[in-house]
Every structure is written in structure tokens, then in C-alpha cells.
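Enquirer: The following block contains a protein sequence and its predicted model.
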Amino acid sequence: MERKISLDKLRNIGIIAHIDAGKTTTSERILYYTGRTYKIGEVHDGTATMDYMVQEQERGITITAACTTCVWGAYRINLIDTPGHVDFTVEVERSLKVLDGAVVVFCGVGGVEPQSETVWRQADRYNVPRVAFINKMDRVGSDFFGTVDQMHKKLGTNAAAIQLPWGLEGAFNGIIDLVEKKVVEYSDEKGKVFEVKEIPQEKMEEVNKYRELMLEKLAEGDEQVLEKFVHGKEISSEEIKQAIRRAVIANKFVPVLCGTAFRNCGIQQLLDAVCDYLPSPLDVSAAKGTDPDSGDFKEITPSDEAPFCALCFKVLTDPYVGRLNYLRIYSGELHAGENIYNSTRRVSERVTKLVQMHANQQSIIPEVATGDIVAAVGLKETKTGDTLCQEENPILLEVMRFPEPVIQQAVEPKSKQAQERMGFALHKMADEDPSFKVSYNHETGQTIIAGMGQLHLEIIIDRILREFNVEAQVGQPQVAYRETITRKIVSVGKFIQQSGGRGQYGHVVIEMEPQEKPGMGNTFEDKIKSGAIPREFIPSVKQGILETAKSGVLGGYPVTDTKVTLVDGSYHDVDSSEMAFKMAASMAFTDGLRKAKSILLEPIMDVEIVVPEEFMGVIIGDLNSRRAKIVALNTRANVRAIRATVPLAEVFNYATVSRSLTQGRASYTMEPSFYAEVPAYISEKIMTGYASKGTRKGT
């Protein structure tokens, strides 16, 4: 594939959606129609190109975001197919960070589902322009207009249909284009042959109604259309297209398309919409960063002539070529064999090889330029979220933020020989996945792995056993509790040691208080005046506090959402040292946790259970026994959707429970929502269990 292409003809897009909405099926059709593959791969057969991992093929779900590049007419499209399962939400997060646009796929039957809302909010956070594709229009119970209505109500977006379905459910075999006022009717199974026809007269009233509605919504996002719309002037198809593009790029309008990816209808029109309406790297706001030395604000010009700048958004270990660093190039050019500067870690790196990815296949390319999404081989120190640039033109892009794990499990090697292999495997996994954490519990002597959910940890363990051939024993999943304080206090820490000769002296006074909002994490502020503590010891105080916060006083769980302010202290000309102040800060923080009446927090999950009407009572009864709060009860076609918040500790193995209660007819989705205080009687049990573990270890 020839590499050089003008930037205005480049599209970097992602396919994002709720689980099972049809993202990978849509991606497979895009690859087929653009000529990237000669055969359509199917998720249910395990033959999908983009689901290349063994675990993906076995389970029929996407686990890792897969990249590919294809050509549609004069346009080149860099495509990332992302997972829908909430356990792998970090894959969506880091993909959206580097994409210019997204196709959000909705299920025509399920409508706007919980994970649809999650990915939509993620796209909002990164200000990513979107087009919506309502899939599965051939399915019984599909409701195109109901889904558009849900987009308005649940997502609060200014969306409007630019297409209508031609035929309903089993009779669906094409689309009505509201922009061109034509019918596109498909006449072969592969979807390659279609006919563009005039709209029948009996349909014109409905078409005019929805075209008027489209123009009304478009006028809300574009002044030029508003001007003509208000004065009743005719607006041509070309003017509508230009206006849709302007409004989409400005994030003021979402065009809604329809089709059925499985039956190969509507994909070519979706590709046209991607090229017509989604932005090129020139259309989105320039990437921003700071000078790593001065902290001055910098803006990146998307041009091949500008200094080189790229972001590493993903790290993957390939069994044949080793470590692959996925890069989004924001400016400049890079050739294989060149040295580049990692401004995050302040090290120089050598790129031995550049490859263009097609799922897990690589094509070696000699160079890359602005707008490209590629992988580099040979980078030893670079991790996810690092900025790569020229040493003479350093810049530091905004850091990527990743969610904290909510579930943990103990894992132990079965033999001494497996110990080293397991350590190597876990290090590789943590390198690839920023939402996966590994720690060692010194009190129990166990290695603890933590992730975003049971499925997340299941996949990790499966990969350790298969890819790295590690024999390991796995404990039961445990909730990743947190600890926080409930009131403001002042705490003093003094570390004094005399042992003949030079002693140790550190003295700090800190204020501790809960953060204003949950989720802000731990912060440290220095308010020392008149040199009570020399400046060179302040970083040691901060380090002592943040390290101690990794293990609280109630059950050894990490402390979160605590604001610590250093207000006073004293030092000794000879005996004070960095270690002494680190120890003093640690003592002050630990003492402060006890004074400030620490409490345990537990992750609360947002659960939606879709169940037939006759089983609704039994499911609600079961949820109430699990400390759940029912948030909403909705009706969808012939089923009920129950939305609730429930503590994670109460819903381990809920799939088995919900199936047994409903004769296998319930389905559910679950995602972390927030942390809340653990009830006193449960908190007591947790701490008693923690204390007994420590006793057993010590005996």
C-alpha cells in the first residue's frame, strides 16, 4: 500500500459500542468492501480478522483494540475496532485519545444500552466527532426511531436520521437516503450489488417529514443552514453534506445511519459517510502539550514539515517481533533506523523497524508521517502514554488517565521453576495493560493481580497459562476495597534516632482532610513558610505520604481521596536527612488516618438486567437481598430492563445466578460506577479477616 497521501484524505476512526452491538461484524464488512480482505470473517465462527486472539475467537468477543488500514476511493482509513465489554474499557479509552472520529454502533433492538452510554461519555471527554450507525435492522423487534429517540434522551445529543430503513425487520433490504432523496436497494447476499432508485410516491410524505426534521436538527448546529431554513429557502444536497460535515467536526450534530452488517446492507453508505463527514487530521483541534523543561504551553502543527511528535497509546508483545509500540503521529516524519527522544522518561530510543498493522499481521514500511497510526519495533523504555519527539524540539503531550482496578485475585506458581516465568509474564501483561496491576502482599506472601472485572482477570490468567506456559494456582476473586478519611485533622510526625555519631531528625506537621469530590485521589500541597523545612526535603515528605497511602490502617487497602497539606515542621542542621523526613511523613500520615476516623469504601457497580416480564419479580427480590438499589425499570419490546446499583462484593458469579433464576433467559451488563462506604457490620468482618490472615502468617 502506497504510504503518501494528502492529509485531507486521511481518516483515523474507531468503531465503538456496547457489547454485541455488531462492532467487529461492521469492521469485517468494511475490510471486505474496501478490498482489504477477500473473504468476510464472522465473529460466531471465530474467523473474524480483527478478533485474532485465541481468547477472542473462543468467546466471540473483542478483548483488545485491533488496528488496520484500508482504502475507500481517494481516502485512506486507519481503523481501530474496540472491545464492547466494560472490563476492557481501557482499550476504548486509549483508542479515543488518538482518533479523529468515531462510528458509534447501536443495536436496533437493544437501543442505547449501558455501555453505549459509557463509550459515548468517553468520546465526549476527548471531544471526538461521531456518526451513529443503527445496526441489526433486520432483527425482530428492531426500532430505528425508538433508538434515535433514546439517543436524544439518554445521551443528550443533537442527532438526526440522514437515512431511513427500507422495509422493517425481515423485510429490510435497503435504505432511504434523506440527503439525496433516493432509495438504495440491495439485490445480492454479499451486499456488493445495489440499485439506486427513486422514492415511491406513497413514501414521500414520510420522507419529507423526516428530511424536514433532519434540516431542523442540522440548523441547530450550523448557522448557514439555520439562515436558509428560517427563511424557507431551498437547500441543495451538496449544501446539506457540507453543513453536516461542518456540524459533525464542531461536535454539534450526529448524523444517524442504518443497516445490518451481518446481512451486508448499508456498509458502503457508512464508508461514504466516514469520508464525507468525519474529520481529517487537519480538521480537528491541534494536539496540545508543554515544554518538559519550562512547562510552557505548546501546540502541534499537523504537518510533515513540522518537528516530529507522536504518542505511544498501546504496547503489545508479539511472539515473533517482540515488543510493539503503537504510535499516533501528530506531526513530522519518522524513518526506520532513526533515534527519537522519549520526553516522558527523558531517554533516547532507536526505532529499528516501522510496521503498518492489519490486526496481528505486520507490513514493514520505510517511513511514517503526520496522521499515521503505526507500530514501532525496538523501543525499550517507552510505555503507554509516553510522548516521542525530537530532542532539540521537546514536547510533553497530556498524560493518559486510566481507571483504577476494582477486583483482585491471588495467584501463586505451582513450582519454583514457574516462579520466574510467572513474574516475567505478569510484568509483560502489566506493560501491555495499564488497568492491570500486580503487587506483592508481604503479610500473606502472595502475588496479587488486580483488574477491571472477573472476565478481565480470567483472560489474563488464561494468557499466562497458554502463552507463557506458567503453571499457577489461582485464588478466589476479591473486592479491591479502598480506605478514606471522614474529617479534617492535624497530625504530627517526629522521627528522631540517636546511635552514636550522626543521628536522624525529621519533624513534620500535616493537615489531612477528605477531598471535595470523590475520585480526585490523593493530593499533596506544600504550605511551608519561612523555611521551617528546607526545600530539598519537601519531595521526601511527599514521597513518604504517597508511599504510606498504598496501605491503610483498617485492612491494608490503599488510601484514596485524601488531601494532605504540609503546614509546619522543624529540622536539625546536622542530623536531618531525606530518609528522616520520609519516615516522619509516614508516621504523621498513619497517625492521621487513625485520628481522622478512616472508613472502608467498596466499588459499586451499575447493573442492567434484561429479563422477560414473568421473571422480573424474582430478579428484583434477588437484587434486594444483595444490597442493591433499583434505579429504573424500563420496557423494551417484550422484555423488562432493570437498572440498579449494587456492591461488587454481592455480585460475583452473577451470570450463573441470573441464569438459574430465569431459566437462562436473562442477560446483564455490569460496569464500575462509584465507591461508597462499606456498612459497619461488613467492614468489621473484612478487618477481622485481614487480622486473622496476618496472625496465620506470623505463626
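Expert: Okay, I see it.

Enquirer: okay, which residue is most central for the protein?
Expert: The chain has Glu93 as the residue nearest its centroid, 2.6 Å off, counting by CA atoms, centre = their mean.

Enquirer: quick one: it and Phe402, what's the gap?
Expert: 7 Å (CB to CB, to the nearest Å). For glycine as for every other residue, the C-beta is placed from the backbone atoms N, C-alpha and C.

Enquirer: helix/strand/coil for the residue nearest to the centre of the chain?
Expert: helix (DSSP: H, G, I helix; E, B strand; the rest coil).

Enquirer: That one and Gln122 touch, don't they?
Expert: Yes: counting by CB atoms under 8 Å, Glu93 touches Gln122, with 6.0 Å between them.

Enquirer: which neighbours do those two share?
Expert: Taking CB atoms under 8 Å, 6 or more residues apart in numbering as the contact definition, Glu93 and Gln122 share no neighbouring residue.

Enquirer: Do you know the pLDDT at His44?
Expert: As predicted, His44 sits at a pLDDT of 55.

Enquirer: How far off centre is the top strand by length along the chain?
Expert: Ranked by residue count, the top strand of the chain under DSSP state E comes out as strand 599-612. Offset of strand 599-612 from its chain centre (CA atoms, centre = their mean, to the nearest Å): 19 Å.

Enquirer: Could you list the low-pLDDT ranges of the chain?
Expert: Residues of the chain meeting the criterion pLDDT under 70: 1-4, 38-49, 51-52, 188-191, 443-444, 499-501, 637, 689-699.

Enquirer: before we move on, back to that, which residues belonging to the longest strand of the chain are considered buried?
Expert: 599-611 (16 or more other CB atoms under 10 Å).

Enquirer: What strands flank that strand, and is each parallel or antiparallel?
Expert: Next to strand 599-612 in the sheet, as set by DSSP bridges, lie strand 482-484 (antiparallel), strand 639-647 (antiparallel), strand 667-677 (antiparallel).

Enquirer: Which of those has the highest mean neighbour count?
Expert: strand 482-484 (a mean of 22; mean count of other CB atoms under 10 Å).

Enquirer: could you dump whatever helix or strand comes next after that strand to PDB, C-alpha only?
Expert: Next helix or strand after strand 482-484 toward the C-terminus (DSSP states H and E): strand 489-497. C-alpha atoms of strand 489-497 as PDB (Å, rounded to 0.1, in the frame of the first residue of the first chain):
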ATOM      1  CA  ILE A 489      -7.400  16.800  61.400                       C
ATOM      2  CA  VAL A 490      -3.800  18.000  62.100                       C
ATOM      3  CA  SER A 491      -1.200  15.300  62.600                       C
ATOM      4  CA  VAL A 492       2.400  15.400  63.800                       C
ATOM      5  CA  GLY A 493       5.200  13.100  62.800                       C
ATOM      6  CA  LYS A 494       8.600  13.100  64.500                       C
ATOM      7  CA  PHE A 495      11.500  10.700  63.600                       C
ATOM      8  CA  ILE A 496      14.400  11.000  66.000                       C
ATOM      9  CA  GLN A 497      17.200   8.400  66.200                       C
END
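
Enquirer: chain center to stretch 15-35: distance?
Expert: On CA atoms, centre = their mean, the centre of stretch 15-35 falls 18 Å from the chain's centre.

Enquirer: Likewise for stretch 611-619?
Expert: 32 Å.

Enquirer: Ok, stretch 407-421 next?
Expert: On CA atoms, centre = their mean, the centre of stretch 407-421 falls 28 Å from that of its chain.

Enquirer: surely Val140 meets Leu168?
Expert: No: assessed by CB under 8 Å, Val140 is found out of contact with Leu168, at 9.7 Å.

Enquirer: which residues touch Gln454?
Expert: Gln454 touches Asp87, Ile407, Pro477, Phe652, Asn653, counting by CB under 8 Å, 6+ apart.

Enquirer: Where does the spatially closest residue to Ala273 that is not a sequence neighbour fall, secondary structure wise?
Expert: Of all residues not flanking Ala273 in the chain, Val131 sits nearest, at 5.3 Å (CB to CB, 6 or more residues apart in numbering). Element membership of Val131 [criterion: DSSP H and E] is strand 130-135.

Enquirer: just to revisit the earlier point, ok, now how distant is the residue nearest to the centre of the chain from Ile15?
Expert: Distance from Glu93 to Ile15, by CB to CB: 15 Å.

Enquirer: now Met520
Expert: Met520 sits at a distance of 32 Å from Ile15 (criterion: CB to CB).

Enquirer: of all the strands paired with strand 599-612, which lies closest to Asn127?
Expert: Nearest of those to Asn127, taken as CB to CB: strand 667-677 at 22.2 Å.

Enquirer: So between Met520 and Ile15, which is more surrounded?
Expert: Ile15 (27 against 13; other CB atoms under 10 Å).

Enquirer: Quick check, that one in contact with Pro83.
Expert: No: in this structure, Ile15 is not within contact of Pro83 by CB under 8 Å, at 10.4 Å.

Enquirer: burial measure for Glu391, as a count.
Expert: Close neighbours of Glu391, defined as other CB under 10 Å, add up to 12.

Enquirer: what do you get for His507?
Expert: Neighbours around His507, by other CB under 10 Å: 21.

Enquirer: what about it, distance to Phe537?
Expert: Taken as CB to CB, the span from His507 to Phe537 is 10 Å.

Enquirer: Repeat that for Arg328.
Expert: Distance from Arg328 to Phe537, by CB to CB: 40 Å.

Enquirer: Neighbour count: the two, which is higher?
Expert: Higher neighbour count among Arg328 and Phe537: Arg328, with 25 against 22, using other CB under 10 Å.

Enquirer: Which of the helices or strands spans that one?
Expert: strand 322-331.

Enquirer: Buried residues in that strand, which are they?
Expert: Burial within strand 322-331, assessed by neighbour count using 16+ other CB under 10 Å, is assigned to Arg323, Leu324, Asn325, Tyr326, Leu327, Arg328, Ile329, Tyr330, Ser331.

Enquirer: swap in stretch 121-137?
Expert: Under the neighbour-count criterion of 16+ other CB under 10 Å, stretch 121-137 has Gln122, Ala123, Val128, Pro129, Arg130, Val131, Ala132, Phe133, Ile134, Asn135, Lys136, Met137 buried.
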